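K.L.:
Could you look at this predicted model? Sequence included:
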Amino acid sequence: MPISRLLYSSVSRLEPGALTIDRQITRIAGEAALLNEEAGITGILVFVEDQFIQILEGEAEVVEEIFERICCDFRHAQVRLIDLVSVKERLFDRWHMARLCEGDDPGSSLDDDLRNIRYLLGVNARVAVERMHETLLSYEEVVP
Amino acid sequence: MRIIGCILYEHNLWFVLMAALMCIAGSMVSATLFRKTITDKGEAWIHWCFLSAVTAGAATWATHFIAMLGYQTSAPVTLDGVLTVISALMAAGGIGIGLVLASSTSPRIASLAGGSTIGLAIGAMHYTGMFAYRVDGIVHWDWRYVMGSLAIAMGCSIAAIHLLRKNDTPYRTWQAGGLLCLAIVGLHFSGMAGFSVTAMAGYSQGADSEAFAAMAAAIGMVALLIVGTGISTYLVERRTTTESENRIAHIAMHDALTNLANRHQFTDALRNECNALGDGGTPFALLMVDLDRFKPINDTLGHPIGDLVLQRIANRLRLAARDGDIVARIGGDEFAIIAFGLGDPDAATTVAERVVEILSRPMIIEGNVVEISGSVGVGMAPDHGSDPDALVQHADIALYSAKHGGKQTYRLFEPKLMEAIQRRRSLEASLRRASMRNEFRIVYQPVFSSAQGEITGAEALLRWTCPQHGEISPTEFIPIAEELGLVSRIGSDVLRRACKDAAGWPEHIDLAVNVSPVQLLDPRLPQTVSQALADSGLAPERLELEITETALLNNDEAALRTLTHIRDQGVRISLDDFGTGYSSLSYLHRFPISRIKIDKSFVQKLPDDVGSASIVRAIAQLGSSLSMKITAEGIETDSQLSFIQEQGCDEVQGFLTGRPIAAADFLLLAGRTVQPVDA
């Protein structure tokens, strides 16, 4: 059965309140992971330089529905759909929503890698997706 | 006094209380059922008639029966079962006949005959019941009370039916219920007041009082069940009616596709809110929303997808608006939001901003990526209008301005916009008039050979002086003419007149005429051109049509056909404003283009701007290698002219070499180089 893979970016409108932005994102990703497990969605959420970069993999209809929900969410600004493709296999099949944030592993090259991914988005979306996968694999141990 | 005494001293008050409750409940239910019966028609009427008669009969009878159980007499009592049942049947039957009469179309028969029959039925039930009530003693009836009791029952029933027929308010039903209650109670106790029993000493073989009580209780229970069934039937019916009425009301007030409020509800709500302004209501905001690119979605993806898009948009608008605001679909792709209590323009524009943002976000529908956007016009009440029409008009003006200000944006109404739109409207009217009367002028800007400095041709330019607003720039009036669909007409008129003028010029001077993208879409253009040439006698080789790249976008097949036709007549085609658009080299290759005109924005930065200089150089080289002529437009200084000459451009035009001049002046100028033809 074919799987849809969607890549989008948006600018965060999260404001530090009772929780810091990092904690809010951890919570959002955690909640999303639970819902995604039920809906059969896998993917990754990257947060770098105030920007969300997210990949959603799953059945076309479900991906469509989740993306509509994101588009209806005012915590995002400047939502940009970068890529929507039909793929044979999931790339992130082990993660219902992995998450990589700038500052997760101070002292390593993670932050640079994430900024690089952000730059790649505008150049070659497919390469950006592969790079996100590689980065996730190499920091899997460090990142919560 | 005797009646009150009868209630107080001759009845057990607990039974009286129970009878009273039975009576009140029964009467209210009966009144409600009567109303339903009287107003209904057809088959349902028969059912309602039956149900009402049975329920009311049972209620009356139960009241009577319970009260009789409470009647305290020193004499022993037995009950005749058959007569008791007959009395119940008489009540139900009599009330049924009464209801049939009360449903009559004649008001007099209905109230008088129907009411008195019901009253009589209650009476008949009561007195038959009394015959069934066998007391071992000397029974005495006071006939005045009997007659009086019947009069009360009939009078109250007539009044009740009269009220029920008059109109259909719950209050009236309660009043009628009260009257029915009065009929039953009045009949019972005034009848009982005229009834007295004297016990016969030594004769005390009454019925077994336990068996009597048990039977009484059983009969009472059956009666209660019947009344209860009547109540529940009515309630079930009312709920179904209310539900279907609610559903119909919902359908009438909502848009079927998006489930948003429809235009009807929007108009009502807006009117109410405007009316409330006068009575201390709060200020509010009106947002008019229009989708920017909806039609192409219907055209390319089909209506089913278009409908899904509208549903998504409706949902997004609900999210962008605040809770309690009315979001309405008032046209195909037009929406409106009434933001209640939103008096602060900044708060209103925040909502507008949210609407613009959420509509501009992408949408995936069944695998199709749909990019759409919306524009919003905001009007504040009462500042921008306190009546619905003015407010909608002003919010629409703001919307119009948002759409013309680049779309995907919002505008708050301000009086300045009003002036702009009034100017626009008046320009539209004048422009229509001008095109009917050919009020446009044509001026000619000379084109010089860059090597020899001689006039080689002229570009015809359109000028228009509006009677109200004076000289209007073509950049302002041409787009309006395009929207009004006047461009083809104006264009062919210009072509015809310019050809006529040019026919009088020396033969080495060519004519260039601009053709708008709209004209190029018109398949009659080749015909128009050959007609203009034939009428004026101008040689086709002396005419050149200038087109822009935008004309070739999206419809290059049709454009190619039209241009090839024109070229085949001997007319040349040139590409205007080159370098500003897509500047696609494939156009130069595919289309029959014989000249490129370098846009003045590059020429005017010469010779100091390195970028512009290299672009001009590149275009000039391109021209020579594709064997196309090159014209540089907008030359204003000597240094620009000498740079252009160095690059080998064939022709130049601009304020330096010659401003656009009237036809007669151009004729004089052209005649100076060569012997004038007819000056």
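P.N.:
That came through fine.
K.L.:
The strand ranked longest in chain B: which residues count as buried?
P.N.:
Ranked by residue count and defined by DSSP state E, the top strand of chain B is strand B:455-466. By neighbour count, and taking 16 or more other CB atoms under 10 Å in any protein chain shown as the criterion, the buried residues in strand B:455-466 are B:455, B:456, B:457, B:458, B:459, B:460, B:461, B:462, B:464, B:466. No exception for glycine: its C-beta is placed from N, CA and C like everyone else's.
K.L.:
Ok, stretch B:576-585 next?
P.N.:
Using 16+ other CB under 10 Å, the residues of stretch B:576-585 that count as buried are B:576, B:577, B:578, B:579, B:581, B:583.
K.L.:
can you list the residues that contact that stretch?
P.N.:
Stretch B:576-585 is contacted by residues B:514, B:546-550, B:553, B:596-599, B:601-602, B:615, B:619, B:622 when judged by CB atoms under 8 Å, 6 or more residues apart in numbering or on different chains.
K.L.:
Need the nearest residue in space to residue B:117, chain neighbours excluded.
P.N.:
Distances taken as CB to CB, 6 or more residues apart in numbering or on different chains put residue B:98 closest to residue B:117, at 3.6 Å, once the chain neighbours are dropped.
K.L.:
How about the residues of chain A by chain B?
P.N.:
Proximity of chain A to chain B is assessed by CB under 8 Å from any CB of the partner chain, with A:6, A:60, A:63-64, A:67-68, A:71-72, A:74, A:77, A:79-81, A:84 identified as the residues in range.
K.L.:
Have a look at the chain and report its longest helix.
P.N.:
As the question left the chain open, I've gone with chain A. With residue count as the measure and DSSP state H as the assignment, chain A has helix A:21-39 as its longest helix.
K.L.:
Not quite, go with chain B.
P.N.:
Identified as the longest helix of chain B according to DSSP H is helix B:209-253.
K.L.:
Reformat the buried residues of stretch B:576-585 as JSON lines; add secondary structure.
P.N.:
Compiled in JSON lines, those are given as follows (DSSP: H, G, I helix; E, B strand; the rest coil):
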{"residue": "B:576", "secondary structure": "strand"}
{"residue": "B:577", "secondary structure": "strand"}
{"residue": "B:578", "secondary structure": "strand"}
{"residue": "B:579", "secondary structure": "coil"}
{"residue": "B:581", "secondary structure": "coil"}
{"residue": "B:583", "secondary structure": "coil"}
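K.L.:
Could you check how far the residue lying closest to residue B:570 once chain neighbours are set aside is from residue B:504?
P.N.:
Residue nearest to residue B:570 in three dimensions, not counting chain neighbours: residue B:540, with 3.4 Å by CB to CB, 6+ apart. Taking CB to CB, to the nearest Å as the criterion, residue B:540 is separated from residue B:504 by 17 Å.
K.L.:
What is the longest strand of chain B packed up against?
P.N.:
In terms of contact count using 3 or more CB pairs under 8 Å, 6 or more residues apart in numbering or on different chains; DSSP states H and E, strand B:455-466 is assigned the packing partners helix B:415-437, strand B:441-449, strand B:470-472, helix B:474-484, helix B:487-503, strand B:510-514, helix B:663-673.
K.L.:
Neighbouring strands - and their directions - for it?
P.N.:
strand B:441-449 (antiparallel), strand B:470-472 (antiparallel), strand B:510-514 (parallel) (DSSP bridges).
K.L.:
Do me a favour and average the pLDDT over the first one.
P.N.:
When the per-residue pLDDT values of strand B:441-449 are averaged, the result is 92.
K.L.:
list the buried ones in that strand?
P.N.:
Neighbour-count burial for strand B:441-449, counted by 16+ other CB under 10 Å, picks out B:442, B:443, B:444, B:445, B:446, B:447, B:448.
K.L.:
Can you report how many residues neighbour the nearest residue in space to the fourth one that is not next to it in sequence?
P.N.:
The reference is to residue B:445. In space, not counting the residues next to it along the chain, residue B:445 is nearest to residue B:660; the distance is 4.1 Å by CB to CB, 6+ apart. For residue B:660, the count of nearby residues is 18 (other CB atoms under 10 Å in any protein chain shown).
K.L.:
got it, and residue A:86?
P.N.:
Summarising burial for residue A:86: neighbours were counted as other CB under 10 Å, giving 10.
K.L.:
ok, now residue B:532?
P.N.:
When neighbours are defined as other CB under 10 Å, residue B:532 has 21 of them.
K.L.:
Repeat that for the one 10 residues further on.
P.N.:
Residue B:542 is surrounded by 21 other residues when neighbours are defined as other CB under 10 Å.
K.L.:
Now do the phi/psi pair for the closest residue to residue B:301 other than its chain neighbours.
P.N.:
Once its chain neighbours are removed from consideration, residue B:301 has its nearest residue in residue B:368; the separation is 5.7 Å (CB to CB, 6+ apart). The main-chain torsion angles of residue B:368 are listed as degrees, to the nearest 10 and equal phi -90, psi 130.
K.L.:
What number of residues are in the vicinity of the residue in the stretch 101-250 of chain B that chain A sits nearest to?
P.N.:
Minimum separation of the stretch 101-250 of chain B from chain A (CB to the nearest CB) falls at residue B:250, amounting to 24.2 Å. Taking other CB under 10 Å as the criterion, the count of residues near residue B:250 is 10.
K.L.:
That one: what's it in contact with?
P.N.:
By CB under 8 Å, 6+ apart, residue B:250 lies in contact with nothing.
K.L.:
ditto for residue A:10
P.N.:
A:51, A:52, A:70, A:76, A:77, A:78, A:79, A:80 are the contacts of residue A:10 under CB under 8 Å, 6+ apart.
K.L.:
how about 6 Å then?
P.N.:
By CB atoms under 6 Å, 6 or more residues apart in numbering or on different chains, residue A:10 lies in contact with A:52, A:76, A:78, A:79.
K.L.:
Quick one, grab the pLDDT at the first one.
P.N.:
In this case it means residue A:52. In the predicted model, residue A:52 carries a pLDDT score of 93.
K.L.:
hey, which helix or strand in the chain has the poorest pLDDT?
P.N.:
I'll assume chain A. helix A:21-39 (a mean of 84; mean pLDDT, DSSP states H and E).
K.L.:
Actually, chain B is the one I wanted.
P.N.:
Scanning chain B with mean pLDDT, DSSP H and E, the lowest is helix B:2-10, at a mean of 62.
K.L.:
Strands of chain A, residue ranges please.
P.N.:
Using DSSP E, the strands found in chain A span residues A:3-12, A:42-48, A:51-58, A:76-87, A:98-101.
K.L.:
In a markdown table: the ones you listed, plus distance to residue B:592.
P.N.:
Shown next, in a markdown table, are the strands of chain A (distance: least, CB to CB, whole Å):
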| stretch | distance to residue B:592 |
| --- | --- |
| strand A:3-12 | 44 |
| strand A:42-48 | 53 |
| strand A:51-58 | 49 |
| strand A:76-87 | 41 |
| strand A:98-101 | 57 |
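K.L.:
between those, which gets the lowest average pLDDT?
P.N.:
In terms of mean pLDDT, the lowest-scoring of these is strand A:98-101 (a mean of 87).
K.L.:
Quick check: residue B:47 is in a helix.
P.N.:
Yes - the assignment for residue B:47 by three-state DSSP puts it in a helix.
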